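Colleague: have a look; sequence and predicted model below, questions after that.
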Amino acid sequence: RWVSLFITSLIFFCLASYQAVLFLVLGVLISYVGARIIEEKCKSEKTRKRAFIITIISEVAELLFLKYANVLPTTLSGFASIFNIHFNFTTLNLIIPIGISYYTLSIISYVTDVYRKAIPAEKNIFKYSLYACYYPCLVSGPIIRYPEMKKEFFENEDLDWNNIFQGSHRIIYGLLKKMVIADNIAPVVRMIFADTYVYSGLNVLIGLLLYALQIYCDFSGCMDIVIGSSKLYGVTLPENFESPFFSRNLSEFWRRWHITLGLWGKDYIMYPM
């Protein structure tokens, strides 16, 4: 099963952004080799830390370069024009790989866990590549971690009709949220915010509330489709939403919205700092 999922993920990635396959391969190779070096080649804590930092910086640098190589010159040019200063920056017109933010964060979590000796480095590069580019997670997440997904990918491979039923149910539920609710709210929101001066304050407030509902149903609906699609294969992905609009306060709201991103930030940025 994992071999078919790996091939499917590569096909999906190539169909979505075939010109950017090289960047995906580069990111996977850097993290795979870096983790192996950290675990096997580095004898002292100093060299382990140095290899870890180089690997992480390389991954983050690739992400920032691809995301902002085109945006930054345009932004600087626009900012300079306010002061009547004109620059002619050359943009690179790079093709950004689909899901680069999601798979880069997953890769960083893997390398960090290997550095912390929480998990052993994966020896099979193809198994590791499946984790890095698992296609349901490329479009909108969730951010996955290797210790959780290793069991899901490489164990319990028997066909289970209950998984197919649950996955199909979740996909239909997600399509209802995305296509019936979010996509039908969107024209109303666009109409109100296209010219807010035409409408009363109450109408603008309603538009604001509808926009919040649209964003939630769009993102949450896509997540339901992703989790349901993965469930068809018997792969259980982590949940990303837990009824955030029923939270008792703002901090609880953010804990229940994009859960995997919040947990990733806690475990790999906030707690270490």
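Modeller: Cool, the structure landed.

Colleague: which regions of the stretch 51-200 of the chain sit below the pLDDT cut-off?
Modeller: 73, 76, 80-81, 86-92 (pLDDT under 70).

Colleague: packing partners for the strand or helix carrying Val33?
Modeller: Assigned by DSSP states H and E, Val33 belongs to helix 21-36. Of the remaining helices and strands, those touching helix 21-36 by 3 or more CB pairs under 8 Å, 6 or more residues apart in numbering; DSSP states H and E are helix 2-17, helix 45-68, helix 100-115, helix 125-133. For every residue, glycine as well, the C-beta is placed using N, CA and C.

Colleague: which of those helices sits most buried?
Modeller: helix 100-115 (a mean of 22; mean count of other CB atoms under 10 Å).

Colleague: what angle do it and helix 125-133 make?
Modeller: 130 degrees (axes from the mean of the first three to the mean of the last three CA atoms, to 10 degrees).

Colleague: what's the angle from helix 100-115 to helix 2-17?
Modeller: Going by the same axes, to 10 degrees, helix 100-115 makes 140 degrees with helix 2-17.

Colleague: centre of the chain versus helix 100-115, how much separation?
Modeller: 11 Å (CA atoms, centre = their mean, to the nearest Å).

Colleague: correct me, but Met223 touches Asn240?
Modeller: Yes - counting by CB atoms under 8 Å, Met223 does reach Asn240; the two are 4.8 Å apart.

Colleague: send me the helix holding Val33 as PDB with only the CA atoms.
Modeller: Taking Å, rounded to 0.1, in the frame of the first residue of the first chain, the C-alpha atoms of helix 21-36 are listed here in PDB:
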ATOM      1  CA  VAL A  21       9.600  18.700  -8.700                       C
ATOM      2  CA  LEU A  22      13.300  19.600  -8.300                       C
ATOM      3  CA  PHE A  23      12.700  21.800  -5.300                       C
ATOM      4  CA  LEU A  24      10.700  19.000  -3.600                       C
ATOM      5  CA  VAL A  25      13.500  16.500  -4.300                       C
ATOM      6  CA  LEU A  26      16.000  18.900  -3.000                       C
ATOM      7  CA  GLY A  27      14.100  19.500   0.300                       C
ATOM      8  CA  VAL A  28      13.600  15.800   0.800                       C
ATOM      9  CA  LEU A  29      17.200  14.900   0.100                       C
ATOM     10  CA  ILE A  30      18.600  17.700   2.400                       C
ATOM     11  CA  SER A  31      16.400  16.500   5.300                       C
ATOM     12  CA  TYR A  32      17.000  12.800   4.700                       C
ATOM     13  CA  VAL A  33      20.800  13.100   4.500                       C
ATOM     14  CA  GLY A  34      20.800  15.700   7.300                       C
ATOM     15  CA  ALA A  35      18.900  13.300   9.700                       C
ATOM     16  CA  ARG A  36      21.200  10.400   8.800                       C
END
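
Colleague: can you list the buried residues in it?
Modeller: Phe23, Leu24, Gly27, Val28, Ile30, Ser31, Tyr32, Gly34, Ala35, Arg36 (16 or more other CB atoms under 10 Å).

Colleague: which pLDDT value does the model give the first one?
Modeller: Yep, that's Phe23 we're talking about. pLDDT for Phe23: 87.
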